[in-house]
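Q: sequence first, then the predicted structure, then my questions.
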Amino acid sequence: MDRSDKQRIEGIVQRILDDFGDDRAINKTDLCNEPDKTAIIDVIDKLMKILYPGYYSDKLYKIYSLKNNMSVIIEDVIFHLKKQIMIVLRYCKKFPELTDADLEDKAMDITYEFMDKIPQIRDYLETDIQAAFDGDPAAGSKDEVILSYPGLYAISVYRMAHELWLLDVPMIPRIMTEHAHSVTGIDIHPGATIGKYFFIDHGTGIVIGETTIIGEHVKIYQGVTLGGLSTQGGQKLKGAKRHPTIGDNVTIYSGASILGGETIIEDNVVVGGNTFITNSVEKDTRVTAKKQELQYKNN
């Protein structure tokens, strides 16, 4: 490297460092007080071992030592999740004046409450597995559903993140579901409310917004959006019901968009592919888009 190259590199380094000097959000460098995304993803991986011990656990473990090995995993999750929750509680407006000791106690309580929900989460997931197996003729076994279906993975992460959301944990639930989004192409906001026997078939491109409510025995295919009519209001819309309500025993086929907080799809409705719905649909109804006319021309 000659002198001119060195000087140019030094100049570039200095200009970039100078760019860090203001208070823009992009410049935040207090890494010790920021949640660790890698650590949270590691917690997800360990939680999957707890949810599905025979499928995600380390194959070096023997079945006779399951209790001991599971105890180690659970304690590890509690330690690292508590640490991350303590960090993000600093973002929570409800606890602006708590000391570090108080924050640690609060984080520990939340972590224990979340871990106590694991059996309930597993109960819901058992119904989701059953729904996938019953609803997909291509499913060879429940083992295949657990090991290979991206929809079940996205639902599993959502159900964990949703419990943390209900406990008012900032940031971590979104980091969890956005990780699942990046892995599966399925975007489920942790604030959505989803009942038992939920089946996502294929899954890529699905979007389920924050205030969506979904009943039981609902099946959704790829490319479905359960979204808001408009986000022009930005932060002013926070807390408003912006996304649709889906009743029980509803099937929504690929490419359908159902939008708006006042839109209610009642029980036993079938929504056809590539439909665009912004009004409520009464129960026992089938909604389809008028078939497009295809035109053929010789080359």
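A: Noted; the coordinates are in hand. Since the model is a prediction, treat every value here as computed from it, not as a measurement.
Q: only C-alpha atoms for contact and neighbour calcs from this point on.
A: Will do.
Q: give me the neighbour count for Lys238.
A: Using other CA atoms under 10 Å, Lys238 is surrounded by 9 other residues.
Q: next: Asp109.
A: Counted with other CA under 10 Å, residues neighbouring Asp109 total 12.
Q: and it, what element?
A: In the assignment (DSSP states H and E), Asp109 maps to helix 100-116.
Q: what is the rounded mean pLDDT of that helix?
A: If you average the pLDDT over helix 100-116, you get 93.
Q: what angle do whatever helix or strand comes next after that helix and helix 100-116 make?
A: Following helix 100-116 in sequence order, the next helix or strand is helix 118-135 (DSSP H and E). Here helix 118-135 points in a direction 40 degrees away from that of helix 100-116 (axes from the mean of the first three to the mean of the last three CA atoms, to 10 degrees).
Q: where do the helices of this protein begin and end?
A: For the chain, applying DSSP state H gives helices covering 3-19, 37-51, 53-56, 66-88, 100-116, 118-135, 142-148, 150-166, 172-184.
Q: which of those sits closest to Asp267?
A: helix 118-135 (16.9 Å; CA to CA).
Q: contacts for the lowest-mean-pLDDT helix or strand in the chain, please.
A: One helix or strand of the chain scores below all others by mean pLDDT, DSSP states H and E: helix 3-19, with a mean of 80. The contact list for helix 3-19 (CA atoms under 8 Å, 6 or more residues apart in numbering) is empty.
Q: follow-up on the earlier one: could the helices of the chain go into CSV alongside distance to Gln295?
A: Formatted as CSV, the helices of the chain follow (distance: least, CA to CA, whole Å):
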stretch, distance to Gln295
helix 3-19, 56
helix 37-51, 49
helix 53-56, 50
helix 66-88, 56
helix 100-116, 57
helix 118-135, 35
helix 142-148, 39
helix 150-166, 36
helix 172-184, 35
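Q: and the pLDDT at Ser65?
A: 67.
Q: hey, which of the helices of the chain is tucked in deepest?
A: Among the helices of the chain, the stretch with the highest mean neighbour count (mean count of other CA atoms under 10 Å) is helix 150-166, at a mean of 23.
Q: hang on, Val169 packs against Val88?
A: Yes: assessed by CA atoms under 8 Å, Val169 is found in contact with Val88 at 7.4 Å.
Q: thinking again about what came up before, quick one: closest of the helices of the chain to Arg286.
A: Nearest of the helices of the chain to Arg286, taken as CA to CA: helix 118-135 at 18.5 Å.
Q: tilt between the closest one and helix 37-51?
A: Calculated by the same axes, to 10 degrees, helix 118-135 forms an angle of 70 degrees with helix 37-51.
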